[in-house]
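Colleague: this one's structure only:
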Ligand code: NDP
Ligand code: GDR
């Protein structure tokens, strides 16, 4: 039985990936913060239904000895390093903790894998935010990076570290350059979930308005469930490499809001206002990925429509807020 270790297993992607790997017959281990184990109802909500099938280890990304101990005990065949301070807007408020957790955390993981499980295949969660102020459209694996936030900078550093462990020490280390991917499990502060949860609240009379920032920002939005499959596929290849994972389709925040509200029979213009507190000091205005390499080399492809993604998220929020029994999403 293959053994996988996931950092960030409590997050959106970690939860889908854990389910996917369990389905494939893996023994799945996860690194969580110690406080999560004390408060599973809240902090482990995304993995509660599968918790008994997982092996959870308390460790801190910031502490190399704690990471090392887990790697030594688990000695995984595959390691998916997903844990990160992942909210770009927050990285402007606290550059220091973002850089610390994201850069040192990745370095700790790579160094511990190299020492404790050198045969382990390693996945790093890189991001389209590395392209930032884009130098070409659509972006591919060879587009230059121009990050626009501490978050983006931390992901460039993680990408470089991962590549260097591959080149210098022969580690089977890959980076997935993933574009925004969403689901009903998305955190409430990210713009998609903020829109779908507020639209549902407005529909039910629980809220009156929705305050957003930059409505014209363009993103290439896909579904998280499809994107975690690509992570696994990267680690099944003969050689380690880096891949862009994207839908190849772009929409504005405004269009997302328009579809979400329209699905509930509402006009977003009656409820959405722009609040300067949600504008970023430097925003990424446009992202569009070209996933040809992943299609060719991994056989990964994306079939879902943008409208279906938005509507799935709205429906899930409407159900939860209406008090309907929670179905697994
Ligand atoms: P989430 O924010 O949903 O999950 C982040 C995970 O990281 C959580 O499990 C969180 O744990 C953990 N984490 C955060 N900070 C720390 C820390 N200091 N120590 C230990 N664990 C920590 O992110 P996603 O699932 O959406 O994303 C997964 C990864 O992919 C991230 O690295 C993100 O930057 C990257 N990414 C995401 C994209 C997306 O569109 N979703 C696109 C491209 C890259 P806890 O629950 O305890 O807070
Ligand atoms: P992003 O996602 O920064 O792309 O990072 P987010 O959903 O936060 O923002 C997307 C775009 O929407 C604009 N926006 C708002 N954003 C938020 N959060 N709240 C608002 O009110 C709002 N109004 C407009 C933003 O300015 C931005 O342009 C996500 C994260 O998952 C990262 O971890 C990941 O690496 C990238 O996607 C790819």
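Modeller: Looks like it came in fine. Computed from a prediction, not measured in an experiment: that's the story for all the values here. Ligands and ions are numbered 1, 2, ... in the order given.
Colleague: check whether stretch 181-190 contacts ligand 2.
Modeller: Yes - using Cβ under 6 Å from any ligand atom, we find that stretch 181-190 touches ligand 2 at 189-190. Just so you know, the C-beta spots here come from the backbone N, C-alpha and C atoms, and that holds for glycine as well.
Colleague: Quick one: end-to-end length of that stretch, please.
Modeller: 11 Å (Cα to Cα, to the nearest Å).
Colleague: Would you mark the buried spots in that stretch?
Modeller: By neighbour count on 16 or more other Cβ atoms under 10 Å, the buried set for stretch 181-190 is 181-186, 190.
Colleague: how about TSV for those residues, with pLDDT, distance to ligand 1 and secondary structure added?
Modeller: Output for the buried residues of stretch 181-190, formatted as TSV (pLDDT from 0 to 100; distance: Cβ to the nearest ligand atom, whole Å; DSSP: H, G, I helix; E, B strand; the rest coil):
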residue	pLDDT	distance to ligand 1	secondary structure
181	98	4	strand
182	98	7	strand
183	98	9	coil
184	98	12	coil
185	98	8	coil
186	98	7	coil
190	98	8	coil
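Colleague: Go through the residues you listed and name the one nearest ligand 2.
Modeller: Nearest to ligand 2 among the buried residues of stretch 181-190: residue 190, at 3.7 Å, using Cβ to the nearest ligand atom.
Colleague: any idea how far residue 276 is from that closest one?
Modeller: 19 Å (Cβ to Cβ, to the nearest Å).
Colleague: do residue 252 as well
Modeller: Residue 252 is 18 Å from residue 276, by Cβ to Cβ.
Colleague: Settle it for me: which of the two has more neighbours?
Modeller: residue 252 (15 against 7; other Cβ atoms under 10 Å).
Colleague: Now do the strands in the stretch 151-300 of the chain.
Modeller: Along the stretch 151-300 of the chain, the stretches classed as strands by DSSP state E, counting those that start in this stretch are 172-178, 181-182, 210-212, 218-219, 222-223, 243-245, 251-252, 272-274.
Colleague: ok, the closest residue to ligand 1 within the stretch 201-329 of the chain - how many residues close by?
Modeller: Across the stretch 201-329 of the chain, no residue is closer to ligand 1 than residue 224, which sits at 6.3 Å (Cβ to the nearest ligand atom). By other Cβ under 10 Å, the residues close to residue 224 number 21.
Colleague: Verify the stated contact: it with residue 186.
Modeller: Yes - using Cβ atoms under 8 Å, residue 224 is in contact with residue 186, at 7.4 Å.
Colleague: what touches both of the two?
Modeller: Taking Cβ atoms under 8 Å, 6 or more residues apart in numbering as the contact rule, residue 224 and residue 186 both touch residue 12.
Colleague: And stretch 74-85, how far out from the chain middle?
Modeller: Distance of stretch 74-85 from its chain centroid, counting by Cα atoms, centre = their mean, to the nearest Å, is 14 Å.
Colleague: Tell me the buried residues in it?
Modeller: Quick answer for stretch 74-85 (16+ other Cβ under 10 Å): 74, 76-85.
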